[in-house]
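Novice: only geometry, no sequence info:
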């Protein structure tokens, strides 16, 4: 317990009506000590358009659907669960991070889409919690208090307040945190195991709720408790963790401070959630060491753990840079969110680069095209085990399921989209800053003048972005404000630069003095002014080597991991993969897009005498695998429905009710004597993946469609393709372990292979290629 802090808020709950401290958000009434380099806008002031809106609507109508989404119909411990009971997904008796992630993401999605129906659904949840504070204070997993869950849930509450002005939220949080007890240590040992998630370092994320709650009008005591969590007297280890980050303990690998010593790993989500907190504290303390800690931590991750798809490896610990190392979908959402905070605080465009790269690669790599299925893990290179043996095995965690267990990623997946959309715009010096090039509309008040800016683009599939400024009550002389544009960091790797026109005429711009990698257009703007930005999108072929971040320094891999009864090879992720350092690879990029060779899988046609598949005795395939449910079926109608349903790999029928479940895959069965389960034939081959790439852009050719297909769903028939030169070779290890040296051509023929955006290739692909000597 932190001395005196548990009662600090109890005597200071009264709220005062303060004038807004932010020019851009009327609900931000208390300003930090160090102003944000980029001011956050009010939730709901930025709305998506174009292909990103298509994708956001798919998220709403897929994962967010009360009838199609993962929590629409769910069976937990033999009981039917209403996925939107009281507005939130109910996971059968306890409230976990998955539910909190879910409501946070759905709240933000409702606000950016201005979707009143979806907002009303999440309001049901907040109404329930406001009326039942016990559910907020006592969130459990087993007998361990879930402070981590409370922190996530608070984010959704604060976004809801910012978008709606519902004062009940701030009143509730001020009261709820009045008796807050900080965690005893960074890592509480439970049964001899570090329980960092529930009682340790992740609980430090309460600081976000405290500081943001104060910014939105909560009492000063909330801020005081928030910053003290990182103070030198904090018994919970926040200061010790800060000292570790500053001491050089993590300068060459992802170590986390635990009980005074450095462990040689960090859970990816834990790292992303905790490492940004020091920068958040800096805004309210002015202590430069806080900022230096977060900046150094993310520089370290970029150097040692960020995979070509843009997000740190995390299977589930961060584990270096290698084609065989997976990334958990939770990390995709959290990495995007954390980098939006770092961009806000520092104004450094490098965090915008990280956010952009993650959103355009790892984010679509995490979900299927209809956004009603997602993977738990993705990897830069992935194909079924024994892919070309005629009997491939697919690891369940890498499959696009509508629900994975544990369901943290199921709840977290939607947060990727609204956090990118909202943070594509910020305020700056009384004007606006465009941090992400995407079709959108931003509606803000600058001073006393209403300004709307619309952007139209197919970026990064095309290079032109056009902004139109609307000033309904424009003064006759125009309205002056700065307009900032981020220069993508990858442009520095080419010999090109941004070109900007205002009303069709070449414009002069100057580097922004306060924000790294932003340029500034300063003038008196008039209604209907246009800004046209051209962003050169040249192909880049980059050679690199695999990196072992120090998590494992063994001469042989760990024993195989077991996932849901399947034995996983030690070179295929799963949290126990040994990274061999210094293996050469080549990646191909264009703008922020990573390109990959898609691997097509084929299924054996169903023989006439096996139309219903192969029976599996005493097994249940329904939970977590269902495409859809059919009521009052017979065995014959259930079977026939599966043979006609795209993607149906197994069907389950419950004779007592007649319910029929059509399922996506044939893995992860569990005992169930009251069900009859039939497995359909599985994929038997995967297209050839053994290619060594000529890492030279002079031999590459880009083909682009004249326009994007709409609605856009990251199609396999991709609108952008790169023809590259390669040779076939016998990749006997599968696409998981790179050759130790570049592949000699020998007498092999040069071939052309077609690469598509990584996000269009989905699960099976190669994006880190062996290098052709």
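Specialist: Good, I have the coordinates. Computed from a predicted structure; not experimentally measured.

Novice: which pLDDT value goes with residue 713?
Specialist: Per-residue pLDDT puts residue 713 at 96.

Novice: same question, residue 217
Specialist: In the predicted model, residue 217 carries a pLDDT score of 97.

Novice: so how many other residues sit close to the nearest residue to it once chain neighbours are set aside?
Specialist: Once flanking residues are discounted, residue 217 sits nearest to residue 29: 4.8 Å by C-beta to C-beta, 6 or more residues apart in numbering. All C-beta atoms are positioned from the backbone trio N, CA, C, and that covers glycine. Neighbour count of residue 29, defined by other C-beta atoms under 10 Å: 20.

Novice: what do you get for residue 298?
Specialist: Neighbourhood size, residue 298 [other C-beta under 10 Å]: 26.

Novice: next one: phi and psi at it?
Specialist: phi -70, psi -30 (degrees, to the nearest 10).

Novice: quick check, it in contact with residue 275.
Specialist: Yes. Residue 298 is within contact range of residue 275, at 6.6 Å (criterion: C-beta atoms under 8 Å).

Novice: any residues in contact with both of those two?
Specialist: Contact with both residue 298 and residue 275 is made by residues residue 338, according to C-beta atoms under 8 Å, 6 or more residues apart in numbering.

Novice: correct me if wrong: the residue nearest to residue 217 contacts residue 216.
Specialist: Yes. With contact defined as C-beta under 8 Å, residue 29 reaches residue 216; the gap is 7.0 Å.

Novice: and the helix or strand harbouring residue 162, what does it pack against?
Specialist: Using DSSP states H and E, residue 162 maps to helix 147-164. Contacts defined by 3 or more C-beta pairs under 8 Å, 6 or more residues apart in numbering; DSSP states H and E place helix 147-164 against helix 97-113, helix 116-131, helix 134-137, helix 168-176, helix 206-215.

Novice: tally of neighbours for the residue nearest to residue 311 when sequence neighbours are not counted?
Specialist: Leaving out its chain neighbours, the residue that sits closest to residue 311 by C-beta to C-beta, 6+ apart is residue 362, at 4.2 Å. Around residue 362 there are 29 other residues, counting by other C-beta under 10 Å.

Novice: tell me the secondary structure for residue 588?
Specialist: Three-state assignment for residue 588 (DSSP: H, G, I helix; E, B strand; the rest coil): strand.

Novice: surely it is in contact with residue 543?
Specialist: No. Applying C-beta under 8 Å, one finds residue 588 not in contact with residue 543, separated by 10.9 Å.

Novice: what comes into contact with the helix or strand harbouring residue 543?
Specialist: Using DSSP H and E, residue 543 maps to strand 539-545. With contact meaning C-beta under 8 Å, 6+ apart, strand 539-545 is reached by 321, 490, 493-494, 581-590, 693, 695-697, 700, 702, 722, 771.

Novice: how about the helices of the stretch 651-773 of the chain, start to end?
Specialist: In the stretch 651-773 of the chain, helices defined by DSSP state H, counting those that start in this stretch lie at 758-761, listed in chain order.

Novice: same question, the stretch 401-550 of the chain
Specialist: Ranges of helices in the stretch 401-550 of the chain, per DSSP H, counting those that start in this stretch, are 408-412, 416-422.

Novice: and those helices as TSV, adding mean neighbour count?
Specialist: Listed next are the helices of the stretch 401-550 of the chain as TSV, based on neighbours: other C-beta atoms under 10 Å:
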stretch	mean neighbour count
helix 408-412	27
helix 416-422	27
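
Novice: select, out of the ones you listed, the one closest to residue 726.
Specialist: The closest of those to residue 726 is helix 416-422. By C-beta to C-beta, the value is 31.9 Å.

Novice: what comes into contact with that closest one?
Specialist: 41, 43, 46-48, 52, 55-56, 59, 105, 108-109, 111-112, 332-333, 336-337, 340, 355, 359, 363, 366, 436, 438, 440.

Novice: one more: stretch 699-717?
Specialist: 51, 54-55, 57-58, 364, 369-370, 458, 461-462, 539, 541, 588, 590, 598, 719-725, 756-757, 759-762.

Novice: repeat that for stretch 468-480.
Specialist: Here stretch 468-480 makes contact (C-beta under 8 Å, 6+ apart) with 446, 449-454, 456, 522-531.

Novice: swap in 10 Å and give it another go.
Specialist: Stretch 468-480 is contacted from outside by 430-432, 441, 443, 446-456, 481, 483, 502, 522-532, using C-beta atoms under 10 Å, 6 or more residues apart in numbering.

Novice: give me the subset of the contacts of stretch 699-717 lying in strands.
Specialist: 539, 541, 588, 590, 598, 720-725, 756-757 (DSSP state E).

Novice: out of the residues you listed, which are buried?
Specialist: Burial by neighbour count, 16 or more other C-beta atoms under 10 Å: within these this picks out 539, 541, 588, 590, 598, 720-722, 724-725, 756-757.

Novice: might you report the residue contacts of the residue nearest to residue 469 when sequence neighbours are not counted?
Specialist: Nearest non-adjacent residue to residue 469, counting by C-beta to C-beta, 6+ apart: residue 529, 4.6 Å away. Going by C-beta under 10 Å, 6+ apart, residue 529 touches 453, 467-471, 474, 478, 483, 502-503, 523.

Novice: and if we set it to 7 Å?
Specialist: 469, 502-503 (C-beta atoms under 7 Å, 6 or more residues apart in numbering).

Novice: next: residue 585.
Specialist: Residue 585 neighbours (C-beta under 7 Å, 6+ apart): 323, 544, 546, 738, 768-771.

Novice: which residue sits closest to it, ignoring its sequence neighbours?
Specialist: Excluding its sequence neighbours, the residue lying closest to residue 585 (C-beta to C-beta, 6+ apart) is residue 768, at 4.3 Å.

Novice: thought that neighbour was touching residue 309?
Specialist: No. Contact criterion C-beta atoms under 7 Å: residue 768 and residue 309 do not qualify, at 9.7 Å.

Novice: common neighbours of those two, please.
Specialist: Counting by C-beta under 7 Å, 6+ apart, the shared contacts of residue 768 and residue 309 are residue 380.

Novice: mind listing what the residue lying closest to residue 38 once chain neighbours are set aside touches?
Specialist: In this structure, residue 38 finds its nearest non-sequential neighbour in residue 426, 3.6 Å apart by C-beta to C-beta, 6+ apart. Contact analysis of residue 426 by C-beta under 7 Å, 6+ apart lists 38-41, 344, 433, 435.

Novice: also residue 133?
Specialist: Neighbours of residue 133 in contact, by C-beta under 7 Å, 6+ apart: residue 176.

Novice: hmm, 8 Å instead?
Specialist: Applying C-beta under 8 Å, 6+ apart, we find residue 133 in contact with 172, 175-176.

Novice: just residue 532 next, same as before
Specialist: 464-467, 500-502, 504.

Novice: this completes my enquiry, with thanks.
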